[in-house]
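Q: Compute the structure for the input listed below.
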Amino acid sequence: MKWRGGFPQKFFRGGDFGLGVCHEEPSPEASSPSMLAFNENKSVCVVCDGYISDEANIRARLSASGHEFKTNSPSETIAHAYEEHGIGFIDVFKGGFSFAIWDESEFLLVLGRDRFGVKPLCFCVSQDKLLFASSASALRACEPEFARLDVRSLDAHIAFGYIPGERTMFENITRLSPGHLMICRRGAVRVSKYWEPCPVANFGSNSESDWLEDTTSALGDSLSRLKSDSVPLTCIIESPFGVASNKAAALTIALAGGQIDIFEPDPANVSFFESSAAPVEPDFSRITTLMKAMDEPPSDFSFLLLDSVISNSARSGSRIASAAGLAETLGAGELHRLILSLSGIADMRLSWTRYIAIAILRRAPRFLPGLNSVPISGSRVATALSGCESSSDIPDAILCVAPKYLRLALYTPQVASALSGSFSSHSGILSNHSNSGSPSTASISDYLLRWPLASSTLPRLDAVSAVNKTSVEFPFLDPSIVELAMSFPERADTQNSSSFDNIANYYAVGTQNRKKRPAGKSRRVHPAVTEFIDTHLTEERVRARGFFKWEQVRVALRASDMAPAISLALLEAWCDCHSRSQIG
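A: Next up, the predicted model:
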């Protein structure tokens, strides 16, 4: 785990059980998030990766109950909280963390992960052993059999650009889902959910003005806790597909009173690397280092842009925050309104739906050639979205899933046969429906939080910040804020308003009030991008790997839209970094 910034290794062994941690040696006054910690009689041992919100008050209450603290590690906070309240302590803990608790007296192991998946936690069962770690790479170092790639995960990565749910890129290695606990007692294993995002009970019947006042107050209070007169604040905004990032940026600036630096990585625009909007020149020599810290391949160069801004901000002493959760919860109203409008006309004439979807989103599935280009012709759209055979396929198109027929054409017979029809799709994801029979704002918020956020954005931020030996804070990933934002009155959607628009109007801000960054002068592709693709997408490499047909890869290389070629080249480079990776 040294590539994540860890140095000293510490272990605890108790009978047939062991806990280990690799972390930086803390200074006396600094907290050590990854330290091993015990309760007073050492019957409880805890290791924690991450942070606990409002930890000072939690410690004060535990101290008042007679608990003695010897360190300022969150691990020790969890140890004493578990001793005082049992597993129920997790109900009042907020923040970004993963942890393992060993209760020697009960011969009990508890693994837990925060509500949104800020920190990773992987596990696997090998014969009679349960292994767990904060990285799949650590587990692969224990058992060579874990190096086999999961073909279903490969298909999910091509379809979505990330791997949703519990699956990882490797067979037999599973992620513990956000908001879940794994409880192991004397050979019996049980996984249980302790939290899921849901609207505030009965709030949907309240007025829109009440929702606006409560939500904006909660958002502002959360962000204000990070602001300081002496320490600059940099905020990273990565919006999900179909949600306008400029609205999230405008709202964040308004919430911060303008005293904030905004960074919006846009990997779809490869000219960004040579524009004055880039904070610093991306260091392409760090690709291998960064990919070694990633449990799954990136689908674009956003990780390199994040590395630039995070390393630059860390060196300058800035506090780094992410607006993760803001666009996902508030933007759900926009996607809901879009799906409602599309569903309303889908039965009338499907081709109209295709035109409207692409006209509104302007950003389509990654493997549909040309659709990331503007302007988009109607005939091109109709051809590209020909995979939508019915109105039920529309959510896949809206949420940017590469159609099955394109993926099947891309795979070699070996991969297609291994899939055996288990192709990834969004069918059933938006299963919660409103009375109108369409997905609700709450169900779309739940999708955006559980899938793109927990499976893509947060792991990427965690890996990049770990390599840079710093941390990113998440002011908007607060369960009370998310649940309040999800309570946006449904009737407001049907009146052609959206949560983003209403809050922006409440603050009297809009995209026109933002400080516009100068546009890049050059539209040509950065030479390093071209060199990277030429190096990793050669006929010899593609045929040797055996994932994709060279003829289809060559089509991607010749396309004007470089997104597919970049995604495939990054997959090849990631497999090189995890050199034992092969299809099982």
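Q: so where's this protein uncertain?
A: Applying pLDDT under 70 to the chain picks out residues 1-34, 202-206, 239-250, 258, 266-280, 333-401, 426-439, 490-524, 579-584.
Q: Other residues contacting stretch 285-295?
A: 3-4, 120, 122, 135-137, 168-169, 297-298, 303-304, 307, 459-460, 463-464, 466-467, 532, 573-574, 576-578 (CB atoms under 8 Å, 6 or more residues apart in numbering). Any C-beta I mention is one placed from the backbone N, CA and C, and that applies to glycine too.
Q: Which among these count as buried?
A: Among the contacts of stretch 285-295, the ones that count as buried by 16 or more other CB atoms under 10 Å are 4, 120, 122, 135-137, 168-169, 297-298, 303-304, 307, 459-460, 463-464, 466-467, 532, 573-574, 577-578.
Q: residue contacts, the residue nearest to Ser445 when sequence neighbours are not counted?
A: Residue nearest to Ser445 in three dimensions, not counting chain neighbours: Ala332, with 4.0 Å by CB to CB, 6 or more residues apart in numbering. By CB under 8 Å, 6+ apart, the contact list for Ala332 reads Thr441, Ala442, Ile444, Ser445, Leu448, Met486, Phe488, Ser499.
Q: In helices, which of the contacts of stretch 285-295 fall?
A: 136-137, 303-304, 307, 459-460, 463-464, 466-467, 532, 573-574, 576-577 (DSSP state H).
Q: Which one of these is nearest to Leu408?
A: Trp574 (22.5 Å; CB to CB).
Q: That closest one against His157, yeah?
A: No: with contact defined as CB atoms under 8 Å, Trp574 does not count as touching His157 (9.7 Å).
Q: Pull up the overlap in contacts between these two.
A: Glu296, Pro297.
Q: and the gap between the residue nearest to Ser445 and Ala485?
A: To Ala485, Ala332 is 8 Å away according to CB to CB, to the nearest Å.
Q: Could you list the buried residues of the longest helix seen in the chain?
A: As assigned by DSSP H, the longest helix anywhere in the chain is helix 208-224. Judged by neighbour count (16+ other CB under 10 Å), helix 208-224 contains these buried residues: Trp211, Leu212, Asp214, Thr215, Thr216, Ala218, Leu219, Ser222, Leu223.
Q: Tell me the helix or strand right after it.
A: strand 233-236 (DSSP states H and E).
Q: Starting from that following strand, tell me which strands it pairs with and how they run.
A: strand 261-263 (parallel), strand 319-322 (parallel) (DSSP bridges).
Q: Could you list the residues in contact with that strand?
A: Residues contacting strand 233-236 (CB under 8 Å, 6+ apart): 226-227, 252, 256, 259-265, 306, 309-310, 313, 318-323, 461, 472.
Q: Show me which of those are buried.
A: 226-227, 252, 256, 260-265, 306, 309-310, 313, 318-323, 461, 472.
Q: Helices along the stretch 151-300 of the chain, start to end?
A: 151-160, 208-224, 245-255, 287-292 (DSSP state H, counting those that start in this stretch).
Q: likewise the stretch 1-150 of the chain?
A: Going by DSSP H, counting those that start in this stretch, the stretch 1-150 of the chain shows helices at 55-64, 74-85, 136-142.
Q: Return the most buried member of these.
A: helix 74-85 (a mean of 24; mean count of other CB atoms under 10 Å).
Q: what's the span of stretch 64-84, first residue to last?
A: 12 Å (CA to CA, to the nearest Å).
Q: before we move on, back to that, which one, of the helices of the stretch 151-300 of the chain, ends up nearest to Leu406?
A: helix 151-160 (8.9 Å).
Q: What helices and strands are in contact with the closest one?
A: If you count contacts as 3 or more CB pairs under 8 Å, 6 or more residues apart in numbering; DSSP states H and E, helix 151-160 packs onto helix 404-410, helix 413-419.
Q: same thing but at 10 Å, please
A: helix 404-410, helix 413-419, helix 563-577 (3 or more CB pairs under 10 Å, 6 or more residues apart in numbering; DSSP states H and E).
Q: Hmm, Leu570 and Phe532 touching each other?
A: Yes: Phe532 lies in contact with Leu570 (CB atoms under 10 Å); the separation is 8.3 Å.
Q: what is in contact with these two at once?
A: Here Phe532 and Leu570 have Ile287, Phe301 as joint contacts, going by CB atoms under 10 Å, 6 or more residues apart in numbering.
Q: any idea how far Leu121 lies from Ser73?
A: 18 Å.
Q: okay, the two: which has more neighbours?
A: Leu121 (26 against 22; other CB atoms under 10 Å).
Q: and the gap between Thr77 and Arg115?
A: 17 Å.
Q: Also Ala556?
A: Relative to Arg115, and taking CB to CB, Ala556 is found at 38 Å.
Q: and if you look at Ala418?
A: To Arg115, Ala418 is 35 Å away according to CB to CB.
Q: next one: Asp534
A: For Asp534 relative to Arg115 (CB to CB), the value is 43 Å.
Q: Look at these two and report which has more neighbours.
A: More crowded of Asp534 and Arg115, by other CB under 10 Å: Arg115, with 24 against 12.
Q: what's near enough to touch the residue lying closest to Lys549 once chain neighbours are set aside?
A: Nearest residue to Lys549, sequence neighbours excluded (CB to CB, 6+ apart): Thr412, at 5.8 Å. Residues counted as contacts of Thr412 (CB under 10 Å, 6+ apart) are Ala418, Val542, Arg543, Arg545, Gly546, Phe547, Phe548, Lys549, Trp550, Gln552, Ile583.
Q: How much space separates Thr412 from Thr174?
A: From Thr412 to Thr174 the distance is 26 Å (CB to CB).
Q: how deep is the residue lying closest to His80 once chain neighbours are set aside tucked in, by neighbour count?
A: Nearest residue to His80 in three dimensions, chain neighbours excluded: His67, at 4.2 Å (CB to CB, 6+ apart). His67 has 18 neighbouring residues, counting by other CB under 10 Å.
Q: Surely His67 is in contact with Glu84?
A: Yes: applying CB under 10 Å, one finds His67 in contact with Glu84, separated by 6.9 Å.
Q: can you list the domain ranges for the chain.
A: 2-147+167-193, 203-330+472-513 (automatic domain parsing).
Q: so who does the spatially closest residue to Ala81 that is not a sequence neighbour touch?
A: Nearest residue to Ala81, sequence neighbours excluded (CB to CB, 6+ apart): Phe89, at 4.0 Å. Contact analysis of Phe89 by CB under 10 Å, 6+ apart lists Ile58, Leu62, Thr77, Ile78, His80, Ala81, Tyr82, Glu83, Ile101, Gly112.
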